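S.K.: build me a model from this:
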Amino acid sequence: MKSRTYFKKNSMLFMGLTLVGILYSCKDKEAEKTAISKMEVSDTSTLLVEQPEEILKPSGMVWVSGVHFTMGAQHDDKQALPREKPAHPVAVDGFFIDKTEVTNAEFREFIEATGYVTLAEEPIDWDEIKSQLPPGTPRPADSILQPGSLIFNDAIADVYGMSDYSQWWKWKRGANWRHPSGPHSSIEGKDDHPVVHIAYRDALAFCEWANRGLPSEAQWEAAAHGKLNGGIYTWGNDTQMINDKANIWQGEFPVKNLASDGFDGIAPTASFSSNSLGIYDMAGNVWEWTQDWFDVNYYVRALGKGELRNPKGPSKSYNPESPYSRERVIKGGSFLCSASYCSSYRISARMGNTMDSATDHTGFRTVATVEMLTD
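M.R.: Residues are numbered from 1 along each chain as shown. I've put the predicted structure just below:
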């Protein structure tokens with residue numbers, strides 16, 4: 001059972017739009033109260049640091065050495081939010097990670113091999129959806145109950161406050177990974193662009209086909225830091241380098257994008273320099289799914305547990321701003337992040353995203369562990 005992106009998020013997201021009913025997954029609030037998963041405290045066993053000689057590096061991936069590091073907001077990060085704090089010690093065994101986000105070409109290969117249909121392309125069954133919603137939720141118009149996804153409203157000329165997200169998001173019928181801006185758009189000539197409009201289920205399906213996995217949040221941060229463990233950004237702490245290092249929003253968000261980095265939307269993968277490990281686009285371009293549940297209080301409970309070995313996050317999601325939603329952590333920010341509004345291109349930045357959310361700035365990359373390659 002699943003509800004859909006365009007009916008969710010929170011009440012602000014669709015305020016003022018033609019969506020009549022703001023729909024949420026109907027879940028018992030008490031059942032959604034988060035419980036921390038079993039944290040694996042580091043023991044005396046040896047951390048896997050170097051790539052085993054007998055394991056060949058998969059094509060398009062790089063090895064991230066096993067590392068002890070401090071996960072979460074750096075002490076000098078003035079833009080860090082409470083959900084990124086407190087920083088806490090973790091240890092992560094070595095693993096492989098994609099050099100870039102999964103591209104349109106790679107995702108097309110998966111689709112052609114499996115016939116998979118993404119969530120944004122599926123027919124919508126109102127009877128199925130309403131069974132998950134509060135009693136009395138009104139049925140949206142038939143024009144709304146059509147396959148589609150959320151896209152950024154690049155025609156917006158003015159906004160009235162920054163709390164009403166619906167001012168710069170719009171529901172677009174026919175928007176999906178093949179048609180990222182709607183039915184008349186195309187990915188022709190964009191094989192090297194990150195695939196978008198990917199829901200969590202879609203990313204998992206790709207991973208199953210490719211014998212890969214989604215990174216844990218700890219793995220993602222370890223990869224983003226690379227050899228520069230401790231920096232705010234993938235390149236260190238120099239804020240002045242942001243526009244040269246990441247595809248983000250320059251100008252007045254969301255009404256004027258100066259595109260001084262050369263892109264007013266998604267950039268081809270590897271358009272900006274890599275981090276110290278040769279990994280691209282872990283800051284800006286598109287958000288990336290991780291496997292961890294999103295819990296705004298998880299880091300508070302993590303501190304004091306000692307060093308956590310290969311942590312997988314909490315056992316349930318918890319976000320008081322959307323208490324009925326089941327959210328996973330996304331990382332890295334996107335081309336819509338600006339220094340004045342979002343700044344989620346920082347390594348510690350984390351946001352919750354409902355598992356059935358598919359937008360034009362959300363994609364993913366995969367990881368492979370030694371166990372996955374030897375099973």
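
S.K.: now tell me which helix or strand of this structure has the poorest mean pLDDT.
M.R.: Least confident helix or strand, the chain: helix 29-32 with a mean of 34, by mean pLDDT, DSSP states H and E.

S.K.: direction included, what does the next helix or strand after that helix pair up with?
M.R.: As assigned by DSSP states H and E, the chain's next helix or strand after helix 29-32 is strand 61-64. The pairing partners recorded for strand 61-64 under DSSP bridges are strand 95-98 (antiparallel).

S.K.: ok, and what's touching the helix or strand following the strand it pairs with?
M.R.: Sequence order places helix 104-114 as the next helix or strand after strand 95-98, per DSSP H and E. Contacts to helix 104-114, defined as C-beta atoms under 8 Å, 6 or more residues apart in numbering, come from residues 116, 177, 187, 190-195, 198, 205-206, 209-210. From N, CA and C alone the C-beta is placed, and that goes for glycine too.

S.K.: residue 55: which of these is nearest?
M.R.: residue 210 (16.7 Å; C-beta to C-beta).

S.K.: can you pull the contacts of that closest one?
M.R.: So residue 210 contacts 110, 366 (C-beta under 8 Å, 6+ apart).

S.K.: C-alpha coordinates for stretch 303-322, CSV please?
M.R.: The C-alpha trace of stretch 303-322 is given here as CSV (Å, rounded to 0.1, in the frame of the first residue of the first chain):
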residue,chain,number,x,y,z
LEU,A,303,25.7,10.6,21.4
GLY,A,304,26.8,8.8,24.5
LYS,A,305,26.5,5.3,23.0
GLY,A,306,30.2,5.2,22.2
GLU,A,307,31.6,4.8,18.8
LEU,A,308,29.0,3.2,16.5
ARG,A,309,30.2,0.6,14.0
ASN,A,310,28.5,0.7,10.6
PRO,A,311,25.4,2.4,12.0
LYS,A,312,22.2,2.0,10.0
GLY,A,313,20.2,4.8,11.7
PRO,A,314,17.0,4.5,13.7
SER,A,315,14.4,1.8,13.4
LYS,A,316,11.6,4.2,12.5
SER,A,317,11.1,7.6,11.1
TYR,A,318,10.1,10.5,13.2
ASN,A,319,9.4,14.1,11.9
PRO,A,320,7.0,16.2,14.0
GLU,A,321,6.3,18.4,10.9
SER,A,322,4.9,15.4,9.0
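
S.K.: and it, how far out from the chain middle?
M.R.: 17 Å (C-alpha atoms, centre = their mean, to the nearest Å).

S.K.: how about that stretch, which residues are buried there?
M.R.: By neighbour count, with 16 or more other C-beta atoms under 10 Å as the criterion, the buried positions of stretch 303-322 are 307-314, 316-319, 322.

S.K.: kindly reformat these as a markdown table containing distance to residue 374 and pLDDT.
M.R.: Output for these, formatted as a markdown table (distance: C-beta to C-beta, whole Å; pLDDT from 0 to 100):
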| residue | distance to residue 374 | pLDDT |
| --- | --- | --- |
| 307 | 26 | 96 |
| 308 | 24 | 97 |
| 309 | 20 | 97 |
| 310 | 17 | 97 |
| 311 | 23 | 97 |
| 312 | 20 | 96 |
| 313 | 25 | 97 |
| 314 | 29 | 97 |
| 316 | 31 | 96 |
| 317 | 32 | 96 |
| 318 | 35 | 96 |
| 319 | 37 | 95 |
| 322 | 40 | 84 |
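
S.K.: in strands only, show me those residues.
M.R.: 308-309 (DSSP state E).

S.K.: looking at the buried residues of stretch 303-322, which is nearest residue 138?
M.R.: residue 322 (19.5 Å).

S.K.: would you mind measuring from the closest one to residue 125?
M.R.: 23 Å (C-beta to C-beta, to the nearest Å).

S.K.: quick check on residue 224: phi, psi?
M.R.: Dihedral pair for residue 224: phi -70, psi -40, per degrees, to the nearest 10.

S.K.: that one and residue 232 touch, don't they?
M.R.: No - the criterion here is C-beta atoms under 8 Å, and residue 224 misses it with residue 232 at 10.6 Å.

S.K.: for residue 60, what are its contacts?
M.R.: Here residue 60 is in contact with 98-100 (criterion: C-beta under 8 Å, 6+ apart).

S.K.: out of those, which are buried?
M.R.: 98-100.

S.K.: hang on, the earlier thing: in helices, which of the contacts of helix 104-114 appear?
M.R.: 205-206, 209-210 (DSSP state H).

S.K.: looking at the residues you listed, which one is closest to residue 81?
M.R.: Looking across those and measuring by C-beta to C-beta, the closest to residue 81 is residue 206, at 29.8 Å.

S.K.: where does pLDDT dip in the stretch 1-150 of the chain?
M.R.: Along the stretch 1-150 of the chain, the model assigns pLDDT under 70 to residues 1-45, 128-129, 131-133.

S.K.: let's see it at 80
M.R.: 1-45, 123-125, 127-135, 143-144 (pLDDT under 80).

S.K.: give me the phi and psi for residue 221.
M.R.: According to degrees, to the nearest 10, residue 221 has phi -70, psi -40.

S.K.: my read: it touches residue 350, true?
M.R.: No - at 9.2 Å, residue 221 does not count as touching residue 350 under the criterion of C-beta under 8 Å.
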